[in-house]
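Enquirer: Sequence and predicted structure, then a few things I'm wondering about:
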Amino acid sequence: MGELKLMKGNEAVAEAAIRVGTDAYFGYPITPQSEIIEYLMAEKPHERTGMVVLQAESEVAAINMVYGAAGAGKKVMTSSSSPGISLKQEGISYMAGAELPCVLVNVVRGGPGLGTIQPSQADYFQSVKGGGHGDYKMIVLAPASVQEMYDFVETSYDLAFQYRTPVLILTDGVIGQMMEKVEVSEQKPRWTDEEIAKNTPWATFGKKKDRERNIITSLDLDSARMEQHNHHLMRKYEEIKEKEVRFEKINCEDADYLLVAYGSSARISQKAIDLCAEKGIKVGLLRPITLFPFPEKEINEMADKVKGILSVEMNAGQMVEDILLAVKGKVPVEHFGRMGGIIHSPQEVVEALEQKIIGG
Amino acid sequence: MLKEIIQPENLAYKKTELMTDTVLSYCPGCGHGTIHRLMMDVIEELDAWEDTIGVAPVGCSVLAYEFMNVDMQQAAHGRAPAVATGIKRCWPDKLVFTYQGDGDLAAIGTAETIHAINRGENIVIVFVNNGIYGMTGGQMAPTTLPNMKSSTSPYGRDVDMMGAPLKITELISQLPGAYYVTRQAVHTPAHVRKTKKAIKKAFQNQIDKKGGVSFVEVVSNCNSGWKMTPVQSNEWMVDNMFPFYPLGDIKVDGELVTK
């Protein structure tokens, strides 16, 4: 077993960033995720690994610094919280269009607007449906523990470079702020210039005389070529849907009812299914780990086995739409969730299940 | 006949290999093509071909990467200095430049411009100021002169209602991160030569790691947007743009030039 540390989720992301060999982090402070840039600045990663950490003048500037560094073949990340992610959406759309790999972290707070600094899962739609303008997706990972906050940083880089796409770690103020023990990995070196040339032959780090220049752009004024590019992106997303679905099933074998929940809401739902078991109600939990690609096949299969499904989310009902699409009307599907930064209790989840699904 | 004349010994000018053979998308008479060529000439002369990364803006020069034969990134509107920051911070020994118009640099990208310069990013910014949005069809720019007509100021720029033209170059020259700030033009051979000298100095500053932005404004024409012939537009530029945007060095080697 590796070294154990007691860390906040935000700190775990930052420490993981250094240890997996991130070249640069560009960010702008916003609650509840400012610990990420604070931790990075305090740790002097420039001395530890040569990693660049820079506080930008805005989220807009930060994501465009990420664009520049990613386009130059570097492992680069940024983080923010909901209103800041909205500002970054322009840059994320450009990165999806130009097929640039990067890791993004959204420690979600309640909205709309300035909303609240308390935890929420109300950014599901903007995360999994694209977020910015144009036809695109990004891979979305939803950690449910501080350990997963740590581990998903490396997973995200692997996926980002494999598919040349932005990857989002979608979490919230609960996971970002809570402390748990984390097993940290050994320090990995940053890529050498030779490794960058080998791993990202498409990137702009200076045109050698024996190759064509590399161009990073999302623009094509020729409609026929642009449509080809759109089809290329769609094929990539189909491949991701085929190969990268991740989820966890708890007590699903002989369940009569199913909860579907991700992130901190899955942690609460785990307690709720225990409370149900005490009452003699057999309830399983399906926790999507990837929100895009969504485990639609697995949820559809579960719909053949259970009498009803409750989507438990800290929002007004967003993921429930994807569950409805996956279930195709086989069984009743309902949503339960609190908003405004209020975190539902396991008891509330049980009551909602009884009222909306079992009683309904 | 022509082939017989163009013998090596008769060759007075040869296009740099750093310009591609792609036909320029600029209007005949526009200054962009000349400025592109000067930049690529300089990079070739400095033998920096293999170590240069350019950032193209949104505007008429959005397709600069089609013409400049170096590694290029195309940035979102106004964000080129942030994109350049990301590249330069990760590759401090490479040469990084942005090429931006007035709408890109002095309107939507004002924050990125000011903060990249204030941080003293060791990059070159080439700022082409023609006082109008050319690509979108001649709308008012932050640098459009008072009373100047555009498609969004059809009765002339009313300074009381629309604000005065922004002298962004004088403004950023005040920042400690600005190392070299100059304003040039390319409408006559003499001016072309001076602009090339300025661009070369800017890139040399970056190579020498002088610690700050080298900023070259080129006051240029937009004969299409201004609805003039190329010759008229250059005359209009001399008579109207130059009094408001006077040519010459503003800051050299980190020191403001006193006149």
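Expert: Cool, the structure landed.
Enquirer: so which strand or helix has the residue of chain B found nearest chain A?
Expert: Closest contact between chain B and chain A, by Cβ to the nearest Cβ, is at residue B:86 (2.8 Å). Every residue, glycine included, has its C-beta placed from N, CA and C. For residue B:86, the host element (DSSP states H and E) is helix B:80-90.
Enquirer: For that helix, could you pull out the residues that count as buried?
Expert: B:80, B:81, B:82, B:83, B:84, B:85, B:86, B:87, B:88, B:89, B:90 (16 or more other Cβ atoms under 10 Å in any protein chain shown).
Enquirer: Could I get the contacting residues of the third one?
Expert: It stands for residue B:82. Residue B:82 sits next to A:56, A:60, A:61, A:62, A:64, A:65, A:67, A:68, B:75, B:112, B:116 when contact means Cβ atoms under 8 Å, 6 or more residues apart in numbering or on different chains.
Enquirer: For those, could you give me a markdown table that also reports neighbour count and distance to residue A:268?
Expert: Listed next are the contacts of residue B:82 as a markdown table, based on neighbours: other Cβ atoms under 10 Å in any protein chain shown; distance: Cβ to Cβ, whole Å:
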| residue | neighbour count | distance to residue A:268 |
| --- | --- | --- |
| A:56 | 25 | 35 |
| A:60 | 23 | 34 |
| A:61 | 29 | 36 |
| A:62 | 28 | 32 |
| A:64 | 33 | 37 |
| A:65 | 33 | 36 |
| A:67 | 33 | 36 |
| A:68 | 33 | 40 |
| B:75 | 32 | 43 |
| B:112 | 30 | 41 |
| B:116 | 30 | 44 |
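Enquirer: Nearest to residue A:294 among those residues?
Expert: residue A:67 (26.8 Å; Cβ to Cβ).
Enquirer: And the pLDDT for that closest one?
Expert: With respect to pLDDT, residue A:67 scores 98.
Enquirer: Helices of chain A, residue ranges please.
Expert: Using DSSP state H, the helices of chain A run over A:9-19, A:34-43, A:45-48, A:59-71, A:82-98, A:124-128, A:146-163, A:173-177, A:193-199, A:223-243, A:263-278, A:296-303, A:319-327, A:346-352.
Enquirer: ok, and which of those has the densest surroundings?
Expert: For these, average neighbour numbers computed from mean count of other Cβ atoms under 10 Å in any protein chain shown are highest in helix A:59-71, which has a mean of 31.
Enquirer: Residue A:245: how many residues sit nearby?
Expert: Neighbour count of residue A:245, defined by other Cβ atoms under 10 Å in any protein chain shown: 17.
Enquirer: residue contacts, it?
Expert: Taking Cβ under 8 Å, 6+ apart, we find residue A:245 in contact with A:290, A:293, A:294, A:295, A:297, A:298.
Enquirer: right, and the last one touches residue A:246 too?
Expert: It stands for residue A:298. No - Residue A:298 is beyond contact range of residue A:246, at 10.3 Å (criterion: Cβ atoms under 8 Å).
Enquirer: Now do the residue nearest to residue A:274 when sequence neighbours are not counted, the pLDDT please.
Expert: Leaving out its chain neighbours, the residue that sits closest to residue A:274 by Cβ to Cβ, 6 or more residues apart in numbering or on different chains is residue A:346, at 7.8 Å. According to the prediction, residue A:346 has pLDDT 98.
Enquirer: Touching, residue A:346 and residue A:276? I think so.
Expert: No - look at residue A:346 against residue A:276 with Cβ under 8 Å: they stay out of range, at 9.4 Å.
Enquirer: Please name the residues that touch the residue in chain A that chain B sits nearest to.
Expert: Going by Cβ to the nearest Cβ, chain B is nearest to residue A:68 of chain A, at 2.8 Å. Going by Cβ under 8 Å, 6+ apart, residue A:68 touches B:55, B:73, B:75, B:82, B:83, B:84, B:85, B:86, B:87, B:90.
Enquirer: Closest one to residue B:149 out of those, please.
Expert: The closest of these, once distances to residue B:149 are taken by Cβ to Cβ, is residue B:75, at 29.7 Å.
Enquirer: contacting residues for the closest one?
Expert: A:64, A:67, A:68, B:55, B:56, B:57, B:58, B:82, B:83, B:98.
Enquirer: packing partners for the longest helix seen in chain B?
Expert: Looking across chain B with DSSP H, the single longest helix is helix B:189-207. Secondary-structure packing of helix B:189-207 (3 or more Cβ pairs under 8 Å, 6 or more residues apart in numbering or on different chains; DSSP states H and E): helix B:32-45, strand B:95-101, strand B:124-129, strand B:178-185, strand B:213-219.
Enquirer: Need these in a markdown table (columns: mean neighbour count).
Expert: Shown next, in a markdown table, are those (neighbours: other Cβ atoms under 10 Å in any protein chain shown):
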| stretch | mean neighbour count |
| --- | --- |
| helix B:32-45 | 21 |
| strand B:95-101 | 28 |
| strand B:124-129 | 26 |
| strand B:178-185 | 24 |
| strand B:213-219 | 27 |
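Enquirer: possible to save these as a markdown table with mean pLDDT and distance to chain A?
Expert: Listed next are the helices and strands packed on helix B:189-207 as a markdown table, based on pLDDT from 0 to 100; distance: least, Cβ to the nearest Cβ, whole Å:
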| stretch | mean pLDDT | distance to chain A |
| --- | --- | --- |
| helix B:32-45 | 97 | 11 |
| strand B:95-101 | 98 | 8 |
| strand B:124-129 | 98 | 14 |
| strand B:178-185 | 98 | 16 |
| strand B:213-219 | 98 | 15 |
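Enquirer: Show me which residues of the stretch 51-200 of chain A sit near chain B.
Expert: Within the stretch 51-200 of chain A, the positions lying close to chain B (Cβ under 8 Å from any Cβ of the partner chain) are A:52, A:54, A:56-58, A:60-62, A:64-72, A:74, A:76, A:90-91, A:94, A:98.
Enquirer: which of the contacts of residue B:75 lies closest to residue A:183?
Expert: Using Cβ to Cβ, those come closest to residue A:183 at residue A:67, 32.9 Å.
Enquirer: what sits against the closest one?
Expert: So residue A:67 contacts A:91, A:94-95, A:98, A:100, A:102, A:216, B:73, B:75-76, B:79, B:82-83, B:86 (Cβ under 8 Å, 6+ apart).
Enquirer: Closest one to residue A:139 out of those residues, please.
Expert: Using Cβ to Cβ, the contacts of residue A:67 come closest to residue A:139 at residue A:102, 11.2 Å.
Enquirer: out of everything not next to it in sequence, what's closest to that closest one?
Expert: In space, and not counting its chain neighbours, residue A:102 is closest to residue A:70: 4.7 Å by Cβ to Cβ, 6+ apart.
Enquirer: Equivalent analysis for residue A:76, please.
Expert: Counting by Cβ to Cβ, 6+ apart, the residue nearest residue A:76 is residue A:69, at 4.2 Å.
Enquirer: Which positions in the stretch 101-250 of chain B make contact with chain A?
Expert: Near chain A, the residues belonging to the stretch 101-250 of chain B are B:111, B:112, B:115 when assessed by Cβ under 8 Å from any Cβ.
Enquirer: Give me the subset of those lying in helices.
Expert: If you go by DSSP H, these have B:111, B:112, B:115 in helices.
Enquirer: Report how many residues lie close to the closest residue to residue A:138 other than its chain neighbours.
Expert: With sequence-adjacent residues excluded and distances taken as Cβ to Cβ, 6+ apart, residue A:138 is closest to residue A:166, at 4.5 Å. Residues lying near residue A:166 (other Cβ under 10 Å) number 32.
Enquirer: Now for residue A:130, how many residues are close by?
Expert: As a burial measure, residue A:130 scores 18 neighbours (other Cβ under 10 Å).
Enquirer: Do you know the pLDDT at it?
Expert: Looking at residue A:130, its pLDDT is 91.
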